[in-house]
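Chemist: below is the sequence, then the predicted model.
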Amino acid sequence: MKPRRAPQSGQISYNTSQQQLNEVVAIIKLDPSAHELLRHPLRELHVTLSVKMDNGSTKIFQGFRVQHNDSRGPNKGGIRFHPDETIDTVRALASWMTWKTAVMDIPLGGGKGGVICDPKAMSTGELERLSRAYVRQLGDFIGPEKDIPAPDVYTTPQIMAWIADEYSIMHGKNKFGVITGKPLSLGGSAGRTDATARGGIYCVRLAAATLGLNLEGAEAAIQGYGNVGSYAHKLAVELLGMKVIAISDSNGSIYNPEGFLYEGVMAHKKNTGSITGFPGAAAISNKELLELDVAVLFPAALDSVITETNAMDIKAKIIAELANGPTTPEADTILYKKGVYIIPDLLCNAGGVTVSYFEMVQNAYGNYWEEEEVQQRLEKKMKTAFLAVLRTGQNHKVHNRLAAYIVAVERVAEAMKLRGWY
Ligand code: NAD
């Protein structure tokens, strides 16, 4: 089993997430006690893991699990296995999950976990022992009614399967609902693989309708061609009739004004390991890709790629943030003034966590839905969330990112108030 590449360029800081919260608190005049509650995770657990390595030695690893806020329901969020993992990043990402689940109005809170390790330098057996050691140390800190992890950077459905198995052994019965992103044969959900891209494509359709923009035959560019970026290509063509004229991966960017065929690019990537060198395509720079005059730009790789340095040169009409954190706050302000329509990450890439929630529901009932049903339910959730963000932005006269935060913070604050937390 090969762990997937880490797409993040840098570490997301807890300070940034605090700044975003401060901005919203000032707009909605949130009670100071509620603000103080939201500034800190409700709980966090630091664990030390002892793992037998293949060479007979024992290696000690540090791990974390952070539960930011569960006022609306059990905590939900991925597990990262990364050499540069920090508690600061895990705290920030846990708070983003609180906001993301609240924007989507799914009855969950925000959590995140991580283990400082280099999965690329570990064998399959070592990874399995590490995953099982992590879940044993977390013990009942996680659970189907408390905190439900999922895959994230460098963690895979196979790792989710080991975690589901170890947790089931610990409890003497099958408890697959402890984790999502599992393989289908162990209670995974149909429609999870393309859910993040699909949710983003539904948002693009709604954004275009809002702007009066015709997407049939319109051009798109995609940065990143992993799980999310490649499905964005497939679905932009299939569902929106768009023409994808530029794509990129970590090796480079390619351009063809006639548009790329998804099947052809995937076959080339399978054979060569990259999208670069695709027959008939011109090589362009990453900067050129981001600055193309397209209807929709999909950042689907890294954080902080649209900054104050290049924001003025962005010509796309819609930026659909499939990646987490691709636009910096400075760039946000510039793009808002320029009239670029941003679908913020909290909303645009929330299709993944939404189908993870569907997976939890199916596990709880032992009743599994057809892919078509998953897609219909996802579309309905995305539309409701999109409209809530749109109306909030119009009411407060703020850009979509701030609007998404307002929707989320107000919902979480309401739940905390009703529960008597402030
Ligand atoms: P992935 O590892 O499958 O793919 C990442 C892609 O980015 C790869 O094609 C890689 O080559 C490319 N890339 C790396 N560096 C690049 C660079 N400098 N320029 C251009 N491309 C580069 O990851 P993924 O699951 O597709 O996730 C992509 C983004 O979407 C991440 O920001 C992730 O946090 C976010 N996201 C993913 C999900 C999900 O369900 N997978 C859900 C929410 C958010």
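Modeler: That came in fine, so what should we check first?

Chemist: could you give the number of residues near the closest residue to the ligand within the stretch 201-350 of the chain?
Modeler: Nearest residue of the stretch 201-350 of the chain to the ligand (CB to the nearest ligand atom) works out as residue 226 at 1.7 Å. The C-beta positions use only the backbone N, C-alpha and C, and glycine is treated the same way. Look at residue 226: counted by other CB atoms under 10 Å, it has 15 neighbours.

Chemist: and for residue 272?
Modeler: 12.

Chemist: what residues are up against it?
Modeler: Residue 272 is in contact with no residue at all, counting by CB atoms under 8 Å, 6 or more residues apart in numbering.

Chemist: got a pLDDT number for it?
Modeler: pLDDT for residue 272: 97.

Chemist: the one 3 residues further on too?
Modeler: What the model reports as pLDDT for residue 275 is 97.

Chemist: could you pull out the strands in the stretch 151-300 of the chain for me?
Modeler: 219-223, 243-249, 252-255, 282-284, 296-299 (DSSP state E, counting those that start in this stretch).

Chemist: what angle separates the second one from strand 219-223?
Modeler: Going back to what we said before, that points to strand 243-249. 10 degrees (axes from the mean of the first three to the mean of the last three CA atoms, to 10 degrees).

Chemist: backbone dihedrals for residue 409, please?
Modeler: Here is the backbone geometry of residue 409 (degrees, to the nearest 10): phi -60, psi -40.

Chemist: before we move on, back to that, present the strands of the stretch 151-300 of the chain as a markdown table; the columns should include mean pLDDT.
Modeler: Shown next, in a markdown table, are the strands of the stretch 151-300 of the chain (pLDDT from 0 to 100):
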| stretch | mean pLDDT |
| --- | --- |
| strand 219-223 | 98 |
| strand 243-249 | 97 |
| strand 252-255 | 98 |
| strand 282-284 | 98 |
| strand 296-299 | 98 |
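
Chemist: tell me which of those strands sits most buried.
Modeler: Each of these was scored by mean neighbour count; the highest is strand 296-299, a mean of 29, by mean count of other CB atoms under 10 Å.

Chemist: what about the longest strand in this structure?
Modeler: strand 58-69 (DSSP state E).

Chemist: what comes up buried for that one?
Modeler: Using 16 or more other CB atoms under 10 Å as the test for burial, strand 58-69 gives 61, 63, 64, 65, 66, 67, 68, 69.

Chemist: so the third one sits against residue 46, correct?
Modeler: Right, residue 64. Yes - using CB atoms under 8 Å, residue 64 makes contact with residue 46 at a distance of 5.6 Å.

Chemist: between these two, which contacts overlap?
Modeler: Contacts common to residue 64 and residue 46, judged by CB under 8 Å, 6+ apart, are residue 87.
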